[in-house]
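A.B. asks: What shape does this take:
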Amino acid sequence: MAKRKEKTPEYFTVDVDRLDQEGRGVARNDEGKVVFIEGALPGERVTYERLRSKPSYEKGRVVAVHRESVQRVKPACPHFGIGPGSCGGCAMQHLEANAQVAYKQKVLMDTLWHIGRVKPESVLPAIHGPAWNYRHRARLTVRDVAKKGGVLVGFHEKASSYVADMTTCKILTKNVVAMLMPMRELVASLSIRQRLPQIEVAVGGDSRTALVFRVLEAPTDDDMEKLLAFGREHGADIWLQPKGPETAHAVLPENEHALGLSLSEFGVRISFKPTDFTQVNHALNETMVGRAVRLLHVEPEHKVADFFCGLGNFTLPLATKAAKVIGIEGSEGLVARARQGAADNGLADKTEFVARNLFTWTEKDWDELWDRMGGIDRVLIDPPREGAIELAGALAATDRRPARIVYVSCNPATLARDCAKLHHEGGWHIRAAGIMNMFPHTGHVESIAVLEPGPKPERRPAEDLQTEAAQDVPAETPANETAETAE
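C.D. replies: Here you go, the predicted structure:
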């Protein structure tokens, strides 16, 4: 078989205008084509290597910076970079921390306008939290790679399925960082090291830590002794997950309910399992919950609906302020545990939890919920990345409207789409919106919006407005191809 001909590198020099939604520099080459450049910042003149060329855009990687941005800083982590082998856990360590927040605020406002044709009446101050060692939850990939000297444990490399050769990390909690190299040694000593693809890490609010070993083959007795010894030495609860997340279990039964996070402003503690969805940044989460509750303007007589409630991250704090809160969630298991959480916090009498697929929600469902609650004064929405378009449609259509909605979003694009539905079809006003820097040094944008009802406009589908908006937007960022993304 003939050897594949190696491609000759191509280099070009451009001026960078802005950042895209993945934190890449955006420029135009001499032909006028949009170029997305890893490692470039606005205002810089750079030389980049062309990595991919498409009819409407190119991708590249910085090889030289001829004029630096004043916002460029030296990355704190030795594994951060843009070339092959660099860690994919972060994307923006080269950009000053306050500039990252300003960039994310701009991403939110631009997305609301370009996709939804909506603008908030005011911009909420950004919520900041710790910039380093903030990540309390992560999935670390495990590979036994002889060419790299043995077992690797870490995030994926940028734009790759390979595992980064991580010896340290600036975003994981310090106690987990201290375990990175010992975890390599542990896995290397196990008989099932080739059948152990992942370790999920979860840290509670009191720094209690669980390690969930995804095992494709049952550990031997010797393996179990080594795992438990590791847990004792490093202060970690050992869990095994033989199949899906629901099979995860603590090796020692007394550790099943050990993890928890506290929301001290409300006197609430929420127990969770290491495979549950919880916000990875506990300090920021506590600030976010407090802001959301205050923005809802909840009074003691109010009845509140919390959609996509999960374990009750918002439901339980809201229940300390309102007369009644109903939490609605798609997972029966989460609903059962949210009920238990309410009981544990003495809030069972003020809460109700219902399992329901919210991606098929209708106006009829809303009317039934309204009747069941005897009216609804406030609504909180905290959906996954897919957003809540069905719920937005029901709230746009109904005449039985709460006085205020707070929408917490992990995806500006679906927030914009849903706000467009509420505003253009339902007359809802976007009173305020802003970002929360849940994932420093990544391009992930967490945001919050406040909506209040107004007169309904003449019916004009939000899809028409989104089509118009799309026609005004220049060539957008191609689909994200990085291997490691924020959860």
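A.B. asks: ok, longest helix in the protein?
C.D. replies: Determined from DSSP state H, the single longest helix within the chain is helix 97-116.
A.B. asks: which residues are contacting it?
C.D. replies: 19, 21, 23, 71, 92, 95, 118-120, 123, 126, 128, 131, 412-413, 415-417, 419-420, 423, 430, 433-435, 437, 440-441, 443, 445, 447, 462, 465-466, 469-470, 472-473 (C-beta atoms under 8 Å, 6 or more residues apart in numbering). Glycine gets a C-beta too; all of them are placed from N, C-alpha and C.
A.B. asks: list the buried ones in that helix?
C.D. replies: 97, 99-101, 103-105, 107-109, 111-116 (16 or more other C-beta atoms under 10 Å).
A.B. asks: and if you look at stretch 24-38?
C.D. replies: Buried residues in stretch 24-38, counted by 16+ other C-beta under 10 Å: 24-29, 34-38.
A.B. asks: farthest-separated two in those residues?
C.D. replies: Farthest pair in the buried residues of stretch 24-38 (C-beta to C-beta) is 28 and 38. Separation: 16.7 Å.
A.B. asks: pLDDT of the longest helix of the chain, averaged?
C.D. replies: Mean pLDDT, helix 97-116: 95.
A.B. asks: got it, and stretch 365-372?
C.D. replies: 98.
A.B. asks: With stretch 434-449 instead?
C.D. replies: On average, stretch 434-449 scores 95.
A.B. asks: For residue 187, the count of nearby residues, please.
C.D. replies: The number of residues packed near residue 187 is 24, by other C-beta atoms under 10 Å.
A.B. asks: Contacts only, for it.
C.D. replies: Neighbour list for residue 187: 142, 144, 151, 153, 193, 196, 199 [criterion: C-beta under 8 Å, 6+ apart].
A.B. asks: just the strands in the stretch 251-400 of the chain please.
C.D. replies: 260-263, 268-271, 303-307, 324-329, 351-355, 378-381 (DSSP state E, counting those that start in this stretch).
A.B. asks: Regarding residue 405, what is its secondary structure?
C.D. replies: Here residue 405 is recorded as strand under DSSP: H, G, I helix; E, B strand; the rest coil.
A.B. asks: Tell me the bridge partners for it.
C.D. replies: Applying DSSP bridges to residue 405 gives these bridge partners: residue 379, residue 451.
A.B. asks: just checking, it touches residue 433?
C.D. replies: No - contact criterion C-beta atoms under 8 Å: residue 405 and residue 433 do not qualify, at 11.9 Å.
A.B. asks: Common neighbours of those two, please.
C.D. replies: With C-beta under 8 Å, 6+ apart as the test, residue 405 and residue 433 both reach residue 450.
A.B. asks: need the contact list for the residue nearest to residue 122 when sequence neighbours are not counted.
C.D. replies: Counting by C-beta to C-beta, 6 or more residues apart in numbering, residue 432 is the residue found nearest to residue 122 once chain neighbours are left out, at 4.6 Å. Residue 432 makes contact with 120-124, 295, 449-450, according to C-beta under 8 Å, 6+ apart.
A.B. asks: And residue 451, by the same measure?
C.D. replies: 404-407, 419, 422-423, 428-431.
A.B. asks: just those now: which is nearest residue 77?
C.D. replies: Of all the contacts of residue 451, residue 407 has the smallest distance to residue 77: 33.4 Å, by C-beta to C-beta.
A.B. asks: ok, how many other residues are close to that closest one?
C.D. replies: Count around residue 407 with other C-beta under 10 Å applied: 26.
A.B. asks: switch to numbering from 7
C.D. replies: Okay, using 7 as the starting number, the last item reads as residue 413.
A.B. asks: which ones are touching it?
C.D. replies: With C-beta under 8 Å, 6+ apart, residue 413 has these contacts: 386-388, 394, 421, 424-425, 454-457.
A.B. asks: at 7 Å instead, please
C.D. replies: 387, 421, 455, 457 (C-beta atoms under 7 Å, 6 or more residues apart in numbering).
A.B. asks: next one: residue 100
C.D. replies: Residue 100 touches 45, 78-79, 81, counting by C-beta under 7 Å, 6+ apart.
A.B. asks: Is it possible to mark the buried ones in those residues?
C.D. replies: 45, 78, 81.
A.B. asks: Using a markdown table, lay out those residues together with pLDDT.
C.D. replies: Shown next, in a markdown table, are these (pLDDT from 0 to 100):
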| residue | pLDDT |
| --- | --- |
| 45 | 94 |
| 78 | 97 |
| 81 | 96 |
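A.B. asks: Pull the most distant pair out of the buried residues of helix 103-122.
C.D. replies: 103 and 122, at 28.3 Å, using C-beta to C-beta across those.
A.B. asks: quick one, helices of the stretch 107-256 of the chain?
C.D. replies: Assigned by DSSP state H, counting those that start in this stretch, the helices in the stretch 107-256 of the chain fall at 180-183, 186-195, 227-240.
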